[in-house]
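[1] Following is a predicted model, sequence given first.
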Amino acid sequence: MKESTAKYYELLHEIQQVDFALVELNLYLNTHPMDQQAIMQFNELVQRSQMLKKNFESMYGTMRNFGESFSPTPWSWSNTPWPWQV
Amino acid sequence: MWYYEKKLQYPVRVSKCDVQMAKFLTEQYGGADGELAAALRYLNQRYTVPDKIIGVLNDIGTEELAHLEMIATMVYKLTKDATPDDLKKAGLGAHYANHDKALYFENAGGVPFTATYFTAKGDPIADLYEDIAAEEKARSTYQWLINMTDDTDLIDSLTFLREREIIHSQRFLECVEILKEERDRKKIF
Amino acid sequence: MNTFRKTYKPFIGPFDPCPPMKVKSYETPPQLYMGFQPYNLPQFPNLQTALKHGTLWPALFAPYENPYRKGGA
Ligand SMILES: [Fe+2]
């Protein structure tokens, strides 16, 4: 793992926070499909999540597989660390 | 299909080298009320429930897979540096004899995982009541696990997982409300 | 506000082999009381706090502490 480890955990944690809110709102909206305010919050967080991941990937390599992220050269998806290793 | 993302849903930190805890945590890996059973139960039920609640089953089933990965992470971290002797002392000698340090879908008592841990009745109310019960049982298991450790970091992750069972239970309870609703034809979906 | 834990005093027999547990407890988390979640429930002040609690909504958060620890029920 290059760059400072502390930075890695900090950026990862920020993504975990935003994505957690997205999971929570997603489950909520499944049973509250007409809640406009929650939908707005959801959409704002989608944008934030995408930005955070793009930034994270530029520093630590591909985070999402199967075409959800662009790849740098060389291919970085299969590099360590995997989530259970950090 | 699913996409994978290189992150855990919630950070897993294990700070105490308590190998025996790995044995107990296995209950939530391959036990009757564990995360594998939960994921498979909901992802299987989603094919035959009314359209309005498919999304709930699909998404909670998916979140359970992320929880399974968190439990696996705890077990992996606790066993990866253990010697056969450490494992023996932790009550994992029989596990080692069969699997070395490979994770195995079994409960804390070493009973292998089985599809008989959950049903698929095809009656939406019966299935949802099973799901609600499953969430409450998983919540209980997390409580019993928390009661057996003093590793505050591990407790932190287990407390997160316990709270998620509460939210899942809430959503399944709402599904029952949605299905019993008489006036729903007026709503536009 | 509903309490998260209920306690009861179990019957203690005269010939019980072990020292009695005089009080036992069980958990009663908030989803037992909420019904269909209302719109616009207040959320935790920021996402870091929400993640830490495992939910966006304080009304659905249930703290848990080992009841066998001193200070517990
Ligand atoms: Fe769950």
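    That came through fine.

[2] beta partners for the nearest residue to residue C:28 once chain neighbours are set aside?
    If the residues on either side of it in the chain are set aside, residue C:28 comes closest to residue C:6, at 5.5 Å by Cβ to Cβ, 6 or more residues apart in numbering or on different chains. For glycine as for every other residue, the C-beta is placed from the backbone atoms N, C-alpha and C. Beta-bridge partners recorded for residue C:6 (DSSP bridges): residue C:26.

[3] Check the spacing between residue C:6 and chain B real quick.
    Residue C:6 sits at a distance of 14 Å from chain B (criterion: Cβ to the nearest Cβ, to the nearest Å).

[4] Look at the residue nearest to residue B:108 when sequence neighbours are not counted and say how many residues are nearby.
    In space, residue B:108 comes closest to residue B:27 once its chain neighbours are excluded; the distance is 4.0 Å by Cβ to Cβ, 6+ apart. Residue B:27: 21 surrounding residues under other Cβ atoms under 10 Å in any protein chain shown.

[5] so where do the helices sit in chain A?
    A:5-31, A:36-60 (DSSP state H).

[6] so who does the closest residue to residue B:164 other than its chain neighbours touch?
    Spatial nearest neighbour of residue B:164, chain neighbours left out: residue C:54 (5.6 Å); criterion: Cβ to Cβ, 6+ apart. The contact partners of residue C:54, by Cβ atoms under 8 Å, 6 or more residues apart in numbering or on different chains, come to B:10, B:159, B:160, B:161, B:162, B:163, B:164, B:167, C:61.

[7] separation between residue C:54 and the ion?
    Counting by Cβ to the ion, to the nearest Å, the gap from residue C:54 to the ion is 11 Å.

[8] Please tell me how far that residue sits from residue A:69.
    27 Å (Cβ to Cβ, to the nearest Å).

[9] thinking residue B:27 is in contact with residue B:35, fair?
    No. Residue B:27 is not in contact with residue B:35 according to Cβ atoms under 8 Å; the separation is 10.2 Å.

[10] anything in contact with each of those two?
    With contacts defined as Cβ under 8 Å, 6+ apart, no residue is shared by residue B:27 and residue B:35.

[11] Could you show which parts of chain B are in contact with the ion?
    B:165, B:168 (Cβ under 5 Å from the ion).

[12] repeat that with 8 Å
    B:35, B:38, B:60, B:63-64, B:67, B:134-135, B:138, B:164-165, B:168-169 (Cβ under 8 Å from the ion).

[13] Show me which of these is closest to the ion.
    Comparing the residues of chain B next to the ion against the ion with Cβ to the ion places residue B:168 closest, at 3.8 Å.
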